Structure formats: C-alpha cells, structure tokens
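[1] Sequence first, then the predicted structure:
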Amino acid sequence: MPTYEDVLNLAQMLDSKDQNRLLMDLAALVYDFAEVIDSDEVIPAETIAESELALQAYQSGKDPGLSADDLKHLLFGDGVE
C-alpha cells in the first residue's frame, strides 16, 4: 500500500485541473455522510443533495410533485384504492 508521502508526491505531479478533481473526490470521501441528531442513522451526502435539489425544484414550481393517488400507487402498487 502506498504511503501518504507517495500519494502526496503523485498528487503534486498532476496538473491543476486534475488536482482540483482529486480534491473534490477526496472531500467527498471524507464528508460523504451526515449523522442524524439523537439517532444512529447516517444519511449519505448524495442523498441530502438530491433531496435539497428536489425541494428547490418543488418550491420553484419546476416540479409539481406527486398527487396523493400517484403517491399511493408508488408506495403500495396497484392494489390500493
């Protein structure tokens, strides 16, 4: 397994665009979750970001959301009326 110094030296040889890409990927590894207060639940950062985008789309009117009937169908299938 490469050491920290090995990895750092390789990173320093990358051009600035790839260094920035590496930084983003490493940040995602480190900050890839959020802990829920008063719970053992951990939510991935990607899920939080998707939820935030969906909420913004709904609030702006770009996404009207689901009707109650569509939600029931999505959750319970065809057997629910």
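    All right, it came through fine.
[2] pLDDT wise, what is the residue nearest to residue 54 when sequence neighbours are not counted at?
    Spatial nearest neighbour of residue 54, chain neighbours left out: residue 63 (6.9 Å); criterion: C-beta to C-beta, 6 or more residues apart in numbering. Heads up, the C-betas are built off the backbone N, CA and C, glycines and all. The confidence metric pLDDT takes the value 89 at residue 63.
[3] Just read off the phi/psi values of residue 63.
    Main-chain torsions, residue 63, degrees, to the nearest 10: phi -130, psi 110.
[4] How about residue 42?
    phi -120, psi 130.
[5] give me the beta-bridge partners of it?
    On the basis of DSSP bridges, residue 42 is bridged to residue 35.
[6] Would you confirm that it contacts residue 48?
    No: contact between residue 42 and residue 48 fails when scored by C-beta atoms under 8 Å: they sit 10.9 Å apart.
[7] Next, show the common contact partners of the two.
    Counting by C-beta atoms under 8 Å, 6 or more residues apart in numbering, the shared contacts of residue 42 and residue 48 are residue 34.
[8] Mind splitting this structure into its structural domains?
    Domains of the chain are assigned by automatic domain parsing as 1-28, 32-81.
[9] Please enumerate the helices of this structure.
    4-13, 16-30, 45-60, 68-76 (DSSP state H).
[10] of all those helices, which lies closest to residue 37?
    Proximity to residue 37 (C-beta to C-beta) singles out helix 45-60 among the helices of the chain, at 13.9 Å.
[11] what's in contact with that closest one?
    So helix 45-60 is contacted by 28, 31, 32, 33, 34, 63, 64, 65 (C-beta under 8 Å, 6+ apart).
[12] could you dump those residues to a markdown table with neighbour count?
    Shown next, in a markdown table, are the contacts of helix 45-60 (neighbours: other C-beta atoms under 10 Å):
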| residue | neighbour count |
| --- | --- |
| 28 | 11 |
| 31 | 9 |
| 32 | 11 |
| 33 | 13 |
| 34 | 13 |
| 63 | 13 |
| 64 | 8 |
| 65 | 9 |
